[in-house]
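J.: take this sequence and fold it.
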Amino acid sequence: WFLILIVVAPSQVRSLVGTERQGQAMGLLLGATAPVSLAGAPLMGLISDRARSVFGRRRVFIVPGAIIFSLGVLWMVGLARSYPEYCVAYAFVRVAEQVVWSPFNGLVADVTPHAQRGLASGIMGATANLGNFGGAVAGIGYGAMGPRVTALVMAATMLVGTAATCLATQETPTHLAPRPVPLKPAAVLRRLLDPFKARDFTWVFLTRLLFQMGVYTVQEFLQYFFDQAVELPDGMGAEGAVSYGMLCLMTSATITSTGGGALSDALGGRRKALVYAAGLVMAASVLLLVCLPEVPLGAAFGCLAMFGVGYGCYLAVDFAMLLDVLPDRKDAAKDVAVWSTALTLPQMLATPVGGLLLDHFQAVGLRTDPQSILGFRVTFGVAAAYLVLSVVLVRCVRGVK
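T.: Take a look at the predicted model:
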């Protein structure tokens with residue numbers, strides 16, 4: 001997903017619609033397809049929790065979902081030739097993602113002992129960063145590989161990772177379990193809304209939502225920032241520059257996320273201090289990036305490395321906070337999937353708004369200054385506000401230290 005969202009999609013959208021509409025087109029791509037994830041994630045979690053199979057209730061969805069996802073990536077990245085077709089292919093990929101992601105989250109919750117939640121959260125954060133690191137490396141070579149080779153690499157990586165996960169994990173067969181009572185649509189909606197009856201779950205959801213709004217408001221337009229605001233050396237395109245920048249970010253994030261979860265466990269499960277520090281460091285780095293009178297490449301990389309320090313700290317305890325406040329372990333996949341909509345809802349809210357702000361204020365600035373980055377200053381300033389608000393509200397979560 002790093003490669004899609006940071007390198008491939010922004011580059012391909014810009015080539016399909018032009019620089020004048022790139023922000024709005026990127027916002028529309030993510031915003032219009034976000035409902036797929038919003039509905040699909042909790043529904044797949046509910047279906048997975050109730051599944052009856054000799055192979056358990058998670059892997060029976062993860063394997064076919066990974067195959068469908070890989071085919072969708074080949075279509076979107078390697079074959080789509082128009083912006084409407086690109087949007088349809090992207091929606092197809094998002095549907096397949098939900099078939100994999102919700103059962104996978106449920107699988108993690110199933111096999112994680114209570115005393116190791118912080119460690120598990122840290123490992124998930126570190127492996128996510130390592131995956132992003134690999135995506136950044138592939139992004140550097142995107143110009144040389146081209147879309148079709150890139151799509152093949154992505155599909156192969158997905159299939160190999162799925163095979164490793166499913167072969168290494170043992171599940172309890174559920175085919176002999178009592179058949180679940182059929183659910184009516186109204187009952188399904190009630191089940192999906194049940195976790196919000198728990199006050200702490202609601203606050204963890206809202207703080208993650210705001211945090212992710214800040215991340216997406218920066219992330220989806222970062223390649224355009226490198227293209228229009230950063231002094232790039234000869235021969236380096238925006239795709240390669242943003243990939244190098246994200247390598248800096250992910251290196252620092254991997255370091256802080258690896259030890260952060262275990263540290264929170266060693267401190268008696270104290271998570272909030274790391275969250276406070278993470279959000280403030282990220283907000284400061286975003287503001288610094290756009291407040292510089294000129295943006296040399298090294299300064300941009302330094303700001304992204306600083307952003308990664310905070311991002312890694314947050315990832316280290318984010319999933320542990322969720323596990324701390326899950327209302328009912330029997331509904332883990334469904335409740336985690338409901339929480340995961342906080343990761344996708346910002347695509348429908350923050351990214352379209354950010355795209356409109358970027359295109360509008362950039363056009364305003366360019367009328368008087370051909371070197372203006374007013375659009376980026378406004379957009380990234382809004383992102384910093386989201387990040388600060390998210391960490392301020394973490395204090396409302398009573399069940400987390």
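J.: how far does the lowest-mean-pLDDT helix or strand in the chain sit from its chain's centre?
T.: Sorted by mean pLDDT, DSSP states H and E, the helices and strands of the chain end with helix 185-193, the least confident at a mean of 75. In terms of C-alpha atoms, centre = their mean, to the nearest Å, the centre of helix 185-193 is found 26 Å from the chain centre.
J.: again, but for stretch 369-389
T.: 20 Å.
J.: what sits against the closest residue to Cys396 other than its chain neighbours?
T.: Excluding the flanking residues, the one nearest Cys396 by C-beta to C-beta, 6 or more residues apart in numbering is Trp203, at 4.6 Å. Yep, even glycine has a C-beta here, placed from its N, CA and C like the rest. Shown in contact with Trp203 (C-beta atoms under 8 Å, 6 or more residues apart in numbering): Leu393, Val394, Cys396, Val397.
J.: which of these fall within helices?
T.: Leu393 (DSSP state H).
J.: mind checking which of the contacts of Trp203 are buried?
T.: Leu393, Val394, Val397 (16 or more other C-beta atoms under 10 Å).
J.: among the residues you listed, which one lies nearest to Asp331?
T.: Val397 (19.7 Å; C-beta to C-beta).
J.: was I right to think Ala120 contacts Val317?
T.: No: Ala120 lies out of contact with Val317 (C-beta atoms under 8 Å); the separation is 11.2 Å.
J.: where does the stretch 101-250 of the chain dip in pLDDT?
T.: 117-118, 121-122, 125, 129, 175-183 (pLDDT under 70).
J.: all helices for it, in order.
T.: 117-140, 142-168, 185-193, 199-219, 222-229, 238-266 (DSSP state H, counting those that start in this stretch).
J.: likewise the stretch 301-401 of the chain?
T.: 332-366, 374-393.
J.: put the alpha carbons of the least confident helix or strand of the chain into CSV.
T.: Only the C-alpha atoms of helix 185-193 are listed here, as CSV (Å, rounded to 0.1, in the frame of the first residue of the first chain):
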residue,chain,number,x,y,z
PRO,A,185,-29.7,-6.3,8.4
ALA,A,186,-30.9,-4.4,11.4
ALA,A,187,-29.1,-6.9,13.7
VAL,A,188,-25.9,-6.6,11.6
LEU,A,189,-26.0,-2.8,12.0
ARG,A,190,-26.5,-3.2,15.8
ARG,A,191,-23.6,-5.6,16.0
LEU,A,192,-21.3,-3.3,14.1
LEU,A,193,-22.2,-0.3,16.4
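J.: related to what we said a few turns ago, of the helices of the stretch 301-401 of the chain, which is nearest Ala277?
T.: So among the helices of the stretch 301-401 of the chain, helix 374-393 is nearest, using C-beta to C-beta, at 8.4 Å.
J.: how far away is the most centrally placed residue in the chain from Ile373?
T.: The residue lying closest to the centre of the chain (C-alpha atoms, centre = their mean) is Leu343, at 6.0 Å. As for Leu343, its distance to Ile373 is 28 Å (criterion: C-beta to C-beta, to the nearest Å).
J.: same question for Ser82.
T.: Counting by C-beta to C-beta, the gap from Ser82 to Ile373 is 30 Å.
J.: so if I had to pick from these two, which one is more boxed in?
T.: Counting neighbours by other C-beta atoms under 10 Å for Ser82 and for Ile373 shows that Ile373 has the greater number, 22 against 9.
J.: thinking the more buried one is in contact with Val290, fair?
T.: Yes: with contact defined as C-beta under 8 Å, Ile373 counts as touching Val290 (6.5 Å).
J.: picking up where we left off before, tell me which of Ala120 and Val317 has more neighbours.
T.: Per other C-beta under 10 Å, whichever of Ala120 and Val317 has more neighbours is Val317, with 30 against 19.
J.: the closest residue to the more buried one other than its chain neighbours - how many residues pack around it?
T.: Excluding the flanking residues, the one nearest Val317 by C-beta to C-beta, 6+ apart is Arg271, at 4.1 Å. Neighbourhood size, Arg271 [other C-beta under 10 Å]: 26.
J.: for the one 10 residues further on, same thing?
T.: Burial of Val281, expressed as a neighbour count using other C-beta under 10 Å, amounts to 21.
J.: quick one: distance of the strand or helix carrying it to the chain centre.
T.: Assigned by DSSP states H and E, Val281 falls within helix 272-291. Counting by C-alpha atoms, centre = their mean, helix 272-291 is centred 18 Å from the centre of its parent chain.
J.: helices or strands up against it?
T.: helix 199-219, helix 238-266, helix 297-325, helix 374-393 (3 or more C-beta pairs under 8 Å, 6 or more residues apart in numbering; DSSP states H and E).
J.: hang on, Ala89 packs against Arg81?
T.: No: counting by C-beta under 8 Å, Ala89 sits too far from Arg81 to count as a contact (10.3 Å).
J.: who's more crowded, the two?
T.: Neighbours per residue (other C-beta under 10 Å) separate Ala89 from Arg81, with Ala89 holding more: 19 against 7.
J.: from Thr33, how far out is the more buried one?
T.: Taken as C-beta to C-beta, the span from Ala89 to Thr33 is 10 Å.
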